[in-house]
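Enquirer: Task: produce atomic coordinates for the following.
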Amino acid sequence: MKTKKDLCIPFGWEERRHVFLDRFFYIPKKYDSAQKGELCDWSSPLIFGREAPIWLECCSGNGEWIVERAKAHPEYNWVAVEIRFDRARKIWLRAQAAGLSNLYVVCAEASEFLRYYVPKASIASFFVNFPDPWPKRHHAKHRLIQAPFVSLVADVLQATGSITLVTDSEPYRDQMLSEFRLWRSHFPEPFYGSEFASYGSSFFGTLWTAKGRDIFTLRYQHEMD
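Expert: This next block holds a predicted model:
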């Protein structure tokens, strides 16, 4: 069985670079190199060993949701994007333990990954589950779901692609509604619903449900009204 020692970054800060390590793609923080911009063809058989629709999750945390989804839907190729190396490694260990060949883990800041390493119109389905709500008013500027990120999602989604967002935060829900107001919602007004029964569980989904919080699910089609 794989352990933490089986996934370590093989170079120091001064020599840092992006690197592929056994279904794990590492992009160092504050990485500024001429190598940036080398788009990865995530549909290439050279990455997953086969061609299949790409389903991508940002803010994957410890990976409970995406590992279970990859198990339940082997017909798709899954990409988990998580900024923290310790969490990304946990996802990789879960995938290795489950023997998943259809899950690739990316340790990177989500916007940077989408901007420099994902070709346009290459992602079939996009998910953002419980992104950090940055609840304090003066911290809200750090939230992921803002206009620049929405623009990146529009670039990488296929023509009929969709994005699903899940949050327990009402202020963040309202911000999501505002940022995606020109997209076609899966839900009728007020344009969000309860978590799908078959959507899958996650650490925060289970935690906040147990504490009695409402879970808000938003889903949008790529085509804009």
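Enquirer: The longest strand along the chain: partners in the sheet, and parallel or antiparallel?
Expert: Looking across the chain with DSSP state E, the single longest strand is strand 157-167. Next to strand 157-167 in the sheet, as set by DSSP bridges, lie strand 123-129 (parallel), strand 216-224 (antiparallel).
Enquirer: Return the most buried member of the ones you listed.
Expert: Neighbour counts (mean count of other CB atoms under 10 Å) averaged over each of the strands paired with strand 157-167 peak at strand 123-129, with a mean of 23. In this view, the C-beta of every residue, glycine as well, is placed from N, C-alpha and C.
Enquirer: Please save the CA atoms from it in CSV.
Expert: Provided in CSV are the C-alpha atoms of strand 123-129 (Å, rounded to 0.1, in the frame of the first residue of the first chain):
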residue,chain,number,x,y,z
ILE,A,123,-13.8,19.9,-19.8
ALA,A,124,-17.1,18.1,-20.0
SER,A,125,-18.3,18.8,-16.5
PHE,A,126,-17.0,21.1,-13.7
PHE,A,127,-17.6,20.9,-9.9
VAL,A,128,-16.8,23.3,-7.0
ASN,A,129,-17.8,21.8,-3.7
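Enquirer: Pull the contacting residues for residue 60.
Expert: Listed by CB atoms under 8 Å, 6 or more residues apart in numbering, the contact set of residue 60 reads 66, 80, 81, 82, 87, 88, 91, 105, 129.
Enquirer: The same query, at a cut-off of 7 Å, please.
Expert: 66, 80, 81, 82, 91 (CB atoms under 7 Å, 6 or more residues apart in numbering).
Enquirer: with the residues you listed in mind, which one is nearest to residue 148?
Expert: Ranked by distance to residue 148 (CB to CB), the contacts of residue 60 are led by residue 81 at 16.0 Å.
Enquirer: Just grab the bridge partners of residue 127 for me.
Expert: For residue 127, the beta-bridge partners are residue 57, residue 164 (DSSP bridges).
Enquirer: My guess is it contacts residue 57. True?
Expert: Yes. Taking contacts as CB atoms under 7 Å, residue 127 lies within contact range of residue 57: 4.3 Å.
Enquirer: re the thing from before, please identify the buried residues of the longest strand of the chain?
Expert: Using 16 or more other CB atoms under 10 Å as the test for burial, strand 157-167 gives 157, 158, 161, 162, 163, 164, 165, 166, 167.
Enquirer: Mean pLDDT for the strands paired with strand 157-167 - can I get that in a markdown table?
Expert: A markdown table is the format used below for the strands paired with strand 157-167 (pLDDT from 0 to 100):
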| stretch | mean pLDDT |
| --- | --- |
| strand 123-129 | 96 |
| strand 216-224 | 84 |
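Enquirer: Tabulate those strands (JSON lines), appending distance to residue 172.
Expert: Formatted as JSON lines, the strands paired with strand 157-167 follow (distance: least, CB to CB, whole Å):
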{"stretch": "strand 123-129", "distance to residue 172": "11"}
{"stretch": "strand 216-224", "distance to residue 172": "9"}
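Enquirer: Cool, thanks, signing off.
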